[in-house]
Structures are given as C-alpha cells and as structure tokens.
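**Student:** fold the stuff below for me.
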Amino acid sequence: GAAACELAENMRDQPAFLVPAIDWTRTSAHVLTTEWIDGVPLRDAAKLEAAGHDPKALAVIVLQSFLTQALRDGFFHADLHPGNLFVDNEGRIHAVDFGIMGRLSQPMRRFLAETLGGFLARDYIRVAQVHFDAGFVPAIHNVETFAQALRAVGEPIFGLSAQEMSMARLLEQLFETTRRFDMQLQPQLILLQKTMVVVEGVARTLDPEFDIWEASRPIIEEWMVANLGPEARLREAAQGLNSLGRLAQHLPQVLHDT
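**Tutor:** Okay, here's the model as predicted:
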C-alpha cells in the first residue's frame, strides 16, 4: 500500500498512467483495499480493439511510464505484466499489484542514463568511461579494450530492424560483457533488466512494429538535459555551497572531535 501511494505521488504529473488510491481505513498488514477500477485488461487485445483503443499509443505509454519511473524517480513498478495493467474508457493505463518494486539511487540512474545515451549515440568510449567513473569496472582494465567489447554488444543490435531491436537484450549482453571485466553484480540493475523484458514484451504485443529506441529517446534525453546540462551543474554547485555552509557551522565541533 505504501509503495502504491509513493508511486502515485511520483506519477501525479503523468495523466496517462494512474495508480489506484489506497483506502487506508480498510487496509491492514494482511488486506490491501484500493479504489475500484473500471477498465479493459491490457492482455485482452480483442476487447481493447472493440473498445476503440489505439494499441500503438498504449505501447508508448507503457514504455515511457516505466522509464519515467526508473530514470526520473528511481522507484519503479517491477511487475508490469499485462495482468496488472488496465485501460479505462479514456485510454489511460491503471496499474495494480505493488508487491515487487525497484529502486535506483541517483548515481545509479545517472550511470544508466549515460550508458543508454552512449549506446544511442554509439559512443562506446563514453559508455566504457561511465563504467570506470562509477567504479564498476576496476582500473586494472583498459578503457579502450572495454570500449571495443562494448562495440561488439552495440553494433549487432543497431544492425537490426526497429521491430527486432531490444533494450532488454542490450542490457543483458552488457551485463554479460561487464562480468568478464570483473564488474560486480548490481541487483537493482538486474531487476530493472528483468522488468524491461516484460515491458518490451507488453509493448510488442500491442504493437509488433514498436520502435523501442525512438520511444525511449525522449525520456532518456530529457533526463540527461535535466541532470547533466548547465542548469544541473548550477544546482550541484549550489548544493555544494550549502553543504560547505552547513559544515562551517559545525567546524569547531568537527575540529574538537578530530
């Protein structure tokens, strides 16, 4: 219930993806009660078509909502199979079942966005450097050699048609490659990759010609502008000054403790 409440709060500016309100007066440690949802299950293609819904638009909503949760908020629904998604009369998607949720820290989101952005730009040196900067690949390895291994992951995928390209497959092969370079397993990224497999499957069921990279690009680029652009640098500088100010207030005690 708390997970649903948090997700609803995060996604309140996303009118196409809704989370049912929790009825806390009727919810306990063993019973979850939510508002009633009227909608067609996303798994029922015939009913969706009969209701006049656009499956291509629904595919985009599912993917972009998931990426918004993961990248922007760092808190995502990690069980987005069709049985947990319903479409109302207005074409909005309602999610249920918040028992499996994933979290990504700000550094992990930055790592993920820069990795995906680097692959989109086919800048393998940049992707390699991101792994080294994050400390995921030990410095005993060579950046250029690692970048060459990443090229072997990216180029075959970019040679495929839009219908065949897969972000989940890219992440899976990326993790297999990084293990050869002594990168430790990151459980939160594995959960993200597992969820991406499901989300891609849902999107492709709705739209067999779904172009996952083009649908993902606006979310990834928006995050990178907001978090890596000039305004973000100014915010980081301001936060740094604030931290220094707080430290200065406690400096006598810090010196005493030292």
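**Student:** okay, now the closest residue to residue 24 other than its chain neighbours: neighbour count?
**Tutor:** Using Cβ to Cβ, 6 or more residues apart in numbering and skipping the chain neighbours, the partner closest in space to residue 24 is residue 1 (7.2 Å). Bear in mind the C-beta positions are built from the backbone N, C-alpha and C, glycine included. Look at residue 1: counted by other Cβ atoms under 10 Å, it has 16 neighbours.
**Student:** any idea how far residue 1 lies from residue 111?
**Tutor:** According to Cβ to Cβ, to the nearest Å, residue 1 stands 31 Å off from residue 111.
**Student:** from residue 136, how far off is residue 4?
**Tutor:** 32 Å.
**Student:** which of these two has more neighbours?
**Tutor:** residue 4 (22 against 17).
**Student:** give me the nearest residue to that one, chain neighbours excluded.
**Tutor:** residue 98 (4.4 Å).
**Student:** hmm, that neighbour is touching residue 77, no?
**Tutor:** Yes: look at residue 98 against residue 77 with Cβ atoms under 8 Å: they come within range, at 6.7 Å.
**Student:** shared neighbours, those two?
**Tutor:** Any residue near both residue 98 and residue 77 by Cβ atoms under 8 Å, 6 or more residues apart in numbering counts here, and that gives residue 7.
**Student:** which one of the two is surrounded by more residues?
**Tutor:** A direct count of neighbours by other Cβ under 10 Å for residue 98 and residue 77 places residue 77 higher, at 27 against 23.
**Student:** report the separation between the closest residue to that one other than its chain neighbours and residue 115.
**Tutor:** Spatially, and ignoring its direct neighbours in sequence, residue 77 is nearest to residue 95 (5.7 Å; Cβ to Cβ, 6+ apart). Residue 95 sits 26 Å away from residue 115, going by Cβ to Cβ.
**Student:** cheers, nothing more for now.
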